[in-house]
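Participant: could you work out the structure for the sequence below:
(one chain, ligands or ions: 2)
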Amino acid sequence: MSDLRRDPISGNWVVISPEEEAGVKLDRFVRFETPREDCPFCPGNERETGHNILFIPSENGEADGSSWSLRVIPNRLPVLRTERALEREGIGMFDRITGVGAHEIIIESPRHDLLLHEFPERRIARVLTAWRDRVLDLSKDTRLRYISIFRNQGRRSGARMSHPHSQLIATPVIPVGIRGELSGAREYFEYKERCAFCDLVDQEREEKVRLVTQNRGFVAFCPFASRNPFEVWILPRVHSHRYETVSADEISDLAEVLKQVAIALAESLLIPDVNVVLKTSPRPKPRRDQWTTIEEDFHWHIEVIPRITRFSGYELATGMFVNPTPPESAAAYLRDTLFEVSRRRDDAQDQ
Ligand SMILES: [Zn+2]
Ligand SMILES: [Zn+2]
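Facilitator: Ligands and ions are numbered 1, 2, ... in the order given. Here you go, the predicted structure:
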């Protein structure tokens, strides 16, 4: 039986339709790899990519002798750039703003062929730290309202390069998807006087049916109204509205959970195509009079979305997603996978 589920924060409705499950075919594990020879992110080709916005030198020398461990560079073909004046213009009923913003690439490793689930935890932590540091730096530019960080892996995720990287796009406006979530969180807060995400963490930890993994700082679960099969959200257990306030300890907890989620998805689905998206509060406050409770009502989080299904005209027409995999089944499957992976590791250690 299919059912209609409403996401308590965004208010989006989703059709969970297990009957369709038979129709979903998992592709073979195909590694998407763009050529190494002309990869601008590989060591040796640094001159092609312009100046470093952030440069983390390698500690004890990278395996391939690279001098760096992580670099942040400007995107060569930026969607938006900071070196322009912010101008607004009304054209009849239309609004236009100059394309002020930032578009940066975080090159996560000198290694060309690493997938997220193969990253050592320490490297994931380094990436998460670079995200934080870039957000902190760009937050000084008061023209920028929203900073979005995301990671595409695999062709279906929209990646054009296989070399592991994430991207940051900062805009002078708040994107509509975020605005919907912010409004939903605020409405929930006005009604219940509690953060919707904190309630979500409590309920998922108590019910456990949609739980994937957790540690002292973070919890990962398949959301009740998952739009996509095997979608996983990772939330800090302690309330915080801004990602950039994370401490080093929190980052290592987050790296551990993110790695577990990446392993569970890669092993369960046999596809490496996945998007990782950071959702954090806009900064500065969008409108002083309008978002007075944002510190209390919004809770930053990470969404991990494996790209199994493709969107259809129905999703485009209505914004209502049809998901063939109930999140309870997905979470049970991911938990079993993690159990199996840790058993294999224990066995290997015993030998
Ligand atoms: Zn490369
Ligand atoms: Zn909260």
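Participant: quick test: name the residue nearest the centre of the protein.
Facilitator: Nearest to the geometric centre of the chain sits Val277, at 1.8 Å (C-alpha atoms, centre = their mean).
Participant: I figured it hits Glu303, correct?
Facilitator: Yes: using C-beta atoms under 8 Å, Val277 is in contact with Glu303, at 4.7 Å. For glycine as for every other residue, the C-beta is placed from the backbone atoms N, C-alpha and C.
Participant: beta partners for Val72?
Facilitator: Beta-bridge pairing of Val72 under DSSP bridges involves Leu54, Ile106.
Participant: mind starting the numbering at 15 from now?
Facilitator: In the new numbering, first residue 15, that becomes Val86.
Participant: what does the model give it for pLDDT?
Facilitator: Val86 carries a pLDDT value of 96.
Participant: and the residue of the stretch 15-164 of the chain found nearest ligand 2, what does it touch?
Facilitator: Nearest to ligand 2 in the stretch 15-164 of the chain, going by C-beta to the ion, is Ile23, at a distance of 10.8 Å. The contact partners of Ile23, by C-beta atoms under 8 Å, 6 or more residues apart in numbering, come to Glu195, Gly198, Ala199, Tyr202, Ala210, Phe211, Leu214.
Participant: separation between it and Asp155?
Facilitator: Ile23 sits 28 Å away from Asp155, taking C-beta to C-beta, to the nearest Å as the criterion.
Participant: one more: Ala116?
Facilitator: Counting by C-beta to C-beta, the gap from Ala116 to Asp155 is 8 Å.
Participant: now for the two: what residues contact both?
Facilitator: Residues within reach of Ala116 and of Asp155 at once, by C-beta under 8 Å, 6+ apart, are Thr96, Ala184.
Participant: who has more neighbours, the two?
Facilitator: Ala116 (23 against 15; other C-beta atoms under 10 Å).
Participant: hey, what's that one bridged with?
Facilitator: Beta-bridge partners of Ala116, counted by DSSP bridges, are Ala184.
Participant: any chance you could give me the helix or strand containing Leu272 in PDB, C-alpha atoms only?
Facilitator: Taking DSSP states H and E as the definition, Leu272 sits inside helix 262-283. The C-alpha trace of helix 262-283 is given here as PDB (Å, rounded to 0.1, in the frame of the first residue of the first chain):
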ATOM      1  CA  ALA A 262      36.900  20.500  16.200                       C
ATOM      2  CA  ASP A 263      35.400  17.700  18.400                       C
ATOM      3  CA  GLU A 264      32.000  18.000  16.700                       C
ATOM      4  CA  ILE A 265      33.700  17.900  13.300                       C
ATOM      5  CA  SER A 266      35.400  14.600  14.100                       C
ATOM      6  CA  ASP A 267      32.100  13.200  15.400                       C
ATOM      7  CA  LEU A 268      30.400  14.400  12.200                       C
ATOM      8  CA  ALA A 269      33.200  12.900  10.000                       C
ATOM      9  CA  GLU A 270      32.700   9.500  11.700                       C
ATOM     10  CA  VAL A 271      28.900   9.500  11.100                       C
ATOM     11  CA  LEU A 272      29.300  10.800   7.500                       C
ATOM     12  CA  LYS A 273      31.800   8.100   6.700                       C
ATOM     13  CA  GLN A 274      29.400   5.400   8.200                       C
ATOM     14  CA  VAL A 275      26.600   6.700   6.000                       C
ATOM     15  CA  ALA A 276      28.800   6.800   2.900                       C
ATOM     16  CA  ILE A 277      29.900   3.200   3.500                       C
ATOM     17  CA  ALA A 278      26.300   2.000   4.200                       C
ATOM     18  CA  LEU A 279      25.100   3.600   1.000                       C
ATOM     19  CA  ALA A 280      28.000   2.500  -1.200                       C
ATOM     20  CA  GLU A 281      27.800  -1.100   0.100                       C
ATOM     21  CA  SER A 282      24.000  -1.300   0.000                       C
ATOM     22  CA  LEU A 283      23.300   0.300  -3.300                       C
END
